[in-house]
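Q: Below are the sequence and a predicted model for it; my questions follow.
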Amino acid sequence: MKTLLRSDELNCPSCITKIEKALGRLGGVTNAKVHFATGRIEVEHDAEQIKAEQLLSAVREVGYEARISAF
Amino acid sequence: MKFISTLSDWAHQLHSPAHRRGTVALVAGLASVGGVGSYFIGGPSWLTDTLWLTAAAVAGTDIALRAFFALRARAISIELLVTIAAVGAVFIGEYWESAAVTFLFVLGGYLEARTLARTRSALKDMLALAPTEVTVFRNGSEINVAPHEVIPGETVVVRPGGRIGVDGAILSGRSAIDESAITGEPIPAEKQVGDKVFAGTVSHNGYLEIHAEGVGADTTLARIIQRVEEAQEAKAPTQRMIERFASWYTPMIIVLAIGAYVISRDVALALTLLVIGCPGALVISTPISVIAGIGRAARDGILIKGGEYLETAGRIKAVAFDKTGTLTEGRPEVMTVTPLSGVPALPTITDEGSPRTRLLQWAALAESGSEHPLGRAVERALPKSYVGPRADSFDTAPGGGIRAGWQGRKVEIGRPDWIETRVEQWPAEAITALEDLHSRGETAAAIAVNGIVIGLLGFADRVRPDATAALQALRKAGVKRLVMLTGDHATSAWRVARELGIDEVRAGLLPEQKLEVIKTIQRESGPTAMVGDGINDAPALAAADIGIAMGAAGTDVAIESADIALMADDLGKIPEAIGLARATLNNIRQNVVIALLTVIGLLAGVFANEVHMAGGMFIHQISVLVVVVNGMRLLRARPVRERYILPAVQQPVRAA
């Protein structure tokens, strides 16, 4: 399933790869894409294996505060 | 007690990266200033050095971590340059330089983050338009749920002053609805049973029950936000160019710095080059303008699909317009009312209306049983409050007109040549009136009562009231060539063109021919925009450099296929869109110039031995902030043309 996260704290182009790699390392995540211009983080993951809250924690660990968004 | 809880609150806050950044900047700043103070009042050098080293350590660790993560992702980042410079400065004993460079970099980063967040806020405001709660009828009672939890088909209740949380149709109630969030139109729209409403709009004064059709991500609001964000994320050509440049430029600076050291044996010089080589301002120059420009346009109901289209729209030299529905209102209206002498009044109306009104009332009576667009036009020409009698009998003569009966009278309306066969006399007055209508290119209809012709009506597709001003504004915005394209015939096309001041018309065109014309205009004049309604103009819209669709609220096709979709049905948005695009292009150019001039100035300063690491970083950060603030100007900018206010004038129905 696709979860959309939003973060207001992306302000350097290098955070893109940092967050994408951090999310990609999690078991159950098939794809993660960070959009610098809008602060959107699109994550495709297996809902059984990993929940949205865990995605948020992973992003927090590399240093960014995010929230889950419906659109 | 209070002190401890404040302290633990503060420590807790450190978990949040944004706060951490601010705290790091604060601590490093205090330590640096402390060091400076100690230096100037002649304090012991170990104190001064320790303070500066602390500042460098606090700020430097933050920067070094970022550089490390970037390296792990195989990217050479600006943070790496700064880390090398800071560490190098410590090694050669320049503690002040190290502290200043790291502190200024972190401070700059903090300020940048905050201003960038404010630029993204144009969209955040749109996101906040969806209410947090929606009232729904479920299992016989009203409950509050989140907007995306509503099931399509359910009934949503909206109280006066409330925000609408779903797309749907009104089941009961009426209200004045502020739709500015979706269409950019500030004047509330009156809506009643059967009318469509959108999520994100505000109902002013009525209690509404709404049949939910689109919910959550399936609403026009969500789709607009999605389009705008995709547009902001799509890289403009200038941006791609700059990023490619930065990707080899940054490693090259390291090489250059090493080269400078090898040649001059001056470590400080090499480190300074590292610092001023940071392309921070250049890298952010285009994205900030694009994000601000697109966000600003969205706020006014103009959806631009991407930075690329923003750049192209700023260079448009010619605009082609579809006629029907774009320059005109797309439906016939009564333009001329010519009663012949002695028009009998309808007996049911007590006050004597003017001959023109009486003629219209007879026409409305004759058309009362038909679904013909001309009948609807006659209805619109009469006051809204008028409820006329309906015909008792009703019969259509194909290609000719309508025969109606009412209270023993014969009332007929139709083509003049058909009516001529139905009446005893065709007076000279009628002949003159008919010629008059034909010369104006209007479609004529004659009305007869009991075998006597009582008057003529002239119909035409009315030019939009805002069209002339919009075209003037376009010319002022720098578009030199305006062309009308239409499948309609030349006489009606030229009637409209003359009224609007367009001197180029191609009439009688099939859709593929419209495409060919666009290509010709492109060859002759350069980048060309095409304005249409998206559905039957598709080939031409696709061929044009910019395809513009009007009145896109709710129409998925137009939002999908156009490069610029105007949410409101307002021609004035076109010059506004082009003006905004030009302003954005200028803004990008300004930013690039600022960035380049700063680097050149700093280089000159280094070689003149005036600029050192701290000063270089300071100027660099200032330049980044200047670029970001300049980009943000677009959020407030008044586009090239001034917003014109046209009184809502109904084009008067003329008497002969």
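A: Done, it's in.
Q: touching chain A at all, stretch B:201-219?
A: Yes - Stretch B:201-219 reaches chain A (Cβ under 8 Å from any Cβ of the partner chain) through B:Gly216, B:Ala217. Backbone N, C-alpha and C define where each C-beta goes, glycine included.
Q: Now the terminal residues of that stretch, how far apart.
A: 12 Å (Cα to Cα, to the nearest Å).
Q: Now do the buried residues in stretch B:266-282.
A: Buried residues in stretch B:266-282, counted by 16 or more other Cβ atoms under 10 Å in any protein chain shown: B:267-282.
Q: pull the CA atoms of that stretch into CSV?
A: Extracted C-alpha coordinates of stretch B:266-282, given in CSV (Å, rounded to 0.1, in the frame of the first residue of the first chain):
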residue,chain,number,x,y,z
ASP,B,266,49.0,28.9,1.5
VAL,B,267,46.6,26.6,3.5
ALA,B,268,44.3,29.5,4.5
LEU,B,269,43.9,30.5,0.8
ALA,B,270,42.9,26.9,-0.2
LEU,B,271,40.5,26.7,2.7
THR,B,272,38.9,30.0,1.8
LEU,B,273,38.5,28.9,-1.8
LEU,B,274,36.6,25.8,-0.4
VAL,B,275,34.2,28.1,1.5
ILE,B,276,33.4,30.6,-1.2
GLY,B,277,33.1,27.9,-3.8
CYS,B,278,29.9,26.6,-2.2
PRO,B,279,27.2,26.9,-4.9
GLY,B,280,24.4,27.2,-2.3
ALA,B,281,22.8,30.3,-3.9
LEU,B,282,23.0,28.9,-7.4
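Q: Briefly note if that stretch comes near chain A.
A: No - applying Cβ under 8 Å from any Cβ, one finds that stretch B:266-282 is not in contact with chain A, the shortest distance being 9.3 Å.
Q: tell me the mean pLDDT over that stretch?
A: Stretch B:266-282 carries an average pLDDT of 84.
Q: chain center to it, what's the gap?
A: Offset of stretch B:266-282 from its chain centre (Cα atoms, centre = their mean, to the nearest Å): 40 Å.
Q: And stretch B:84-102, by the same measure?
A: 48 Å.
Q: and B:Tyr207, what does it touch?
A: Neighbouring residues of B:Tyr207 by Cβ atoms under 8 Å, 6 or more residues apart in numbering or on different chains: B:Val157, B:Val158, B:Arg159, B:Pro160, B:Gly173, B:Ser175.
Q: ok, now B:Ala313?
A: B:Ile304, B:Ala529, B:Ile546, B:Asp563, B:Ile564, B:Ala577, B:Ile578, B:Ala581, B:Arg582.
Q: Doesn't the second one belong to a strand?
A: To tie it back to what came earlier, the one meant is B:Ala529. Yes - the assignment for B:Ala529 by DSSP: H, G, I helix; E, B strand; the rest coil puts it in a strand.
Q: which residues does the nearest residue to it once chain neighbours are set aside contact?
A: Spatially, and ignoring its direct neighbours in sequence, B:Ala529 is nearest to B:Ile546 (4.1 Å; Cβ to Cβ, 6 or more residues apart in numbering or on different chains). For B:Ile546, the contact set (Cβ under 8 Å, 6+ apart) comprises B:Tyr309, B:Thr312, B:Ala313, B:Ile316, B:Pro527, B:Thr528, B:Ala529, B:Met530, B:Asp563, B:Ile564.
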